[in-house]
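Participant: Turn this into a structure:
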Amino acid sequence: MLRSEPAPRTNRVPIWIVAPKGRDAGLLRTALMESEDDIHISDKPATLAEALSRPEAVGVLVLTQEALGETVPSLSDFLIRQPAWAELPLILLADGPGHVMPALEKLQAALPRTKLLLLQRPVQISEVQSAVEIMRLSRERQYALRDYIERQDRLRRELNHRVKNILATVQALYGLTLRNADDLRQFSEVFQGRLAAMSKVHEVLYANDYGQAELGDAIGAVIAPYTGEDRITVTADASLLVSAEVGQALALIVHELLTNAIKYGALSNQTGQIRIAWQAQKDFVLTWTEVGGPPVAPPRGPGYGQTFITATMRGYGGKAEFDYREEGLSVRLEAPLEAVLR
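Facilitator: From the prediction side, this is the model:
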């Protein structure tokens, strides 16, 4: 039967040994000389006090009864200050329980915050190795719990951040739509369309764990219902990964342009076409070009769509240019590349 290789270590566990007497120090050094962990051997209890002042500098602690008395103040303070996930593994080498009870009584308040293992001297090398391995595994499980707690905390903070961003975007869409709506029916129609666009982009971002997403996927989700007749062409000089925030913003811009094209532009008849292209070299540039639609005339003033697009691009240090050519609307979006990739 083949034996599988042991799993690689995920954490190096710092093991501290304080043994004022030479024989114990030599025995412990021999027992642990082949360990993959960070081994620190000292004959001065004061050295341990300095290590205990640094977070997670001590993973497993091995003490002899001679060192215990001097380490009680710093050790007790360390055990009480430990984070909730931690219980310091402590191996104590002693001539017998009676020799260490006075010192342990001084630690009584903090002892529940440690995993204590007492080895009665004389001890064999194999006993020390086995004890250290048990305690090391215990510490690794604690490190795994620490990492899990930290991941959950990051997820909670990220979820809070995302929800706040989504609500802020919805609030902005609501306000701008309301200001530009002629009546409640128009407001309802336009606002629902914009929320639907946000929902489609959200699906793309969710699939990428709200990390970086392919810009083509985000824009593709918005234009998908209108691509069946090959009236919309999308080209890019390279694949472009953007942040969730940027992907959502650019997709909403495309939604605004698409809505305008359906009402007044290239998609309002049977022959118009739209070309979307972008490049990412020194700057990020996206162009939207309509052809074959009804003749275009410049608007009397900027509407919601133009206002939203211009403000969004300014937020990334860029700009939006609108060219109301008679043969079709042309829009050029430009921003520093680092702002889009952040």
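Participant: Just want the phi and psi numbers for the closest residue to Gly272 other than its chain neighbours.
Facilitator: Spatial nearest neighbour of Gly272, excluding adjacent residues (C-beta to C-beta, 6 or more residues apart in numbering): Ala266 at 3.0 Å. Placement of C-beta: from N, CA and C, glycine included. Main-chain dihedrals, Ala266, degrees, to the nearest 10: phi -60, psi -30.
Participant: how far away is Ala266 from Ala196?
Facilitator: Noted for Ala266: a distance of 21 Å to Ala196, by C-beta to C-beta, to the nearest Å.
Participant: ok, for Ser76, nearest residue in space, not its chain neighbours?
Facilitator: Ser76's closest residue in space is Ala110 (C-beta to C-beta, 6+ apart), at 4.6 Å.
Participant: Where do the domain boundaries of the protein fall?
Facilitator: The domain map for the chain lists 15-148, 181-341, with the assignment taken from automatic domain parsing.
Participant: Adding mean pLDDT, mean neighbour count and distance to Tyr174, write those domains out as TSV.
Facilitator: Formatted as TSV, these follow (pLDDT from 0 to 100; neighbours: other C-beta atoms under 10 Å; distance: least, C-beta to C-beta, whole Å):
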stretch	mean pLDDT	mean neighbour count	distance to Tyr174
domain 15-148	86	17	38
domain 181-341	84	17	7
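Participant: The residue of the chain positioned farthest from its centre: which element?
Facilitator: For the chain, the largest distance from the centre (C-alpha atoms, centre = their mean) belongs to Gly98, which lies 51.0 Å off. Using DSSP states H and E, the element containing Gly98 is helix 97-106.
Participant: For Met198, give its distance to Glu338.
Facilitator: 25 Å.
Participant: where along the stretch 51-200 of the chain do the helices fall?
Facilitator: For the stretch 51-200 of the chain, helices defined by DSSP state H, counting those that start in this stretch occupy the ranges 65-81, 97-106, 125-180, 184-207.
Participant: Quick one: name whatever helix or strand follows the helix or strand where Thr235 lies.
Facilitator: Element membership of Thr235, judged by DSSP H and E, is strand 232-236. Tracing the chain C-terminally past strand 232-236 and defining elements by DSSP H and E, one meets strand 241-242 next.
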